[in-house]
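[1] fold the following.
(3 chains)
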Amino acid sequence: MTSAELKEILREDVLAGAEALLGAVLVRGELRARIVETEGYRAEDDPACHAFRSRTARNEVMFGEPGYAYVYFNYGVHWMLNVTAHEPGRAAAVLVRAAAPLDGLDVMRARREIGAEDPDSAIKNQKSKTKNQKLDRDLLSGPGKLAKAFDITRKDNGLNLLDPTSPLHLLPRTGSVRVVTGSRIGIAEGKGHDLPWRFMDADALESVSRPRPRGSR
DNA sequence: AAAATGATGCTCT
DNA sequence: GAGCATCATTTTC
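    Below is the predicted model:
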């Protein structure tokens, strides 16, 4: 699949786009990771979509061209990375929920260490070697974790993710992917919480976020 | 193994 | 002022 082909799939349908993003590689400098979990959101009939009510300063990029980064801050704690979809005027986006690390694991680890931004916790971190090993398996297994490891923040909002010269971008997948679907995570009842708009790589379930589908580690 | 909880700040009403 | 597209830790079965 080429970048142009991926862009057309995203333009056509956000759910097909969410599926097509499985297996794509997220790149920032030396950092690389293979996307294994996504979710679709669309304004027209989905109350959970940030653009469902109205067009605001925050959700502005969702109303533009497909293939751009919609980044927002959530729960006062985490940044979330989305890929815009649909043609201009019809807001939609794919939330990138999890990835399998490929390259630059040392940098990801350093950014993900608990309390890494707290100057007084360096000593604490040294003592918890077992926790860091545990951390390794779940480096990117959630949208907040992935953003932290890739240093994704407000500054990345609006980047063209399908342009290989962007500081943060996507390489379309090469092979095929076996897909498993599920209900989206963290959606309140009555806001489309049971729509099967969560997509996962069936052969990489150990790297997806919780709750994981039954029968996986 | 699953459920509860507190942290934390931005966005929109 | 309320409500989050979460995470790590603690508490409970």
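[2] which residues touch A:Gly144?
    Taking CB atoms under 8 Å, 6 or more residues apart in numbering, we find A:Gly144 in contact with A:74, A:77-80. From N, CA and C alone the C-beta is placed, and that goes for glycine too.
[3] any chance of the residues you listed in TSV, plus secondary structure, neighbour count and distance to DNA strand B?
    TSV is the format used below for the contacts of A:Gly144 (DSSP: H, G, I helix; E, B strand; the rest coil; neighbours: other CB atoms under 10 Å; distance: CB to the nearest atom of the strand, whole Å):
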residue	secondary structure	neighbour count	distance to DNA strand B
A:Asn74	strand	12	6
A:Val77	coil	8	5
A:His78	strand	16	8
A:Trp79	strand	20	10
A:Met80	strand	20	11
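[4] which two of those residues have the greatest separation?
    A:Val77 and A:Met80 (10.7 Å; CB to CB).
[5] gap between the most centrally placed residue in chain A and A:Gly89?
    Residue closest to the average C-alpha location in chain A (CA atoms, centre = their mean): A:Val96, at 1.7 Å. Distance of A:Val96 to A:Gly89, given as CB to CB, to the nearest Å: 23 Å.
[6] and the helix or strand where A:Lys7 lies, what does it pack onto?
    Taking DSSP states H and E as the criterion, A:Lys7 maps to helix A:3-12. Secondary-structure packing of helix A:3-12 (3 or more CB pairs under 8 Å, 6 or more residues apart in numbering; DSSP states H and E): helix A:14-20, strand A:169-171.
[7] report the buried residues of it.
    Residues of helix A:3-12 classed as buried by neighbour count (16 or more other CB atoms under 10 Å): A:3, A:6-7, A:9-11.
[8] and what of stretch A:146-159?
    A:146-152, A:156-157, A:159.
[9] ok, stretch A:198-209 next?
    A:198-201, A:204-205, A:207-209.
[10] what is A:Gly40 paired to in the beta sheet?
    A:Val94 (DSSP bridges).
[11] shouldn't it be in contact with A:Leu15?
    Yes - counting by CB atoms under 8 Å, A:Leu15 is a contact partner of A:Gly40 at 4.6 Å.
[12] so who does A:Phe73 touch?
    Contacts of A:Phe73 by CB under 8 Å, 6+ apart are A:79-80, A:154.
[13] how much space between it and DNA strand B?
    From A:Phe73 over to DNA strand B the distance is 4 Å, taken as CB to the nearest atom of the strand, to the nearest Å.
[14] now name the helix or strand holding that residue.
    Assigned by DSSP H and E, A:Phe73 falls in strand A:69-74.
[15] done for today, thanks.
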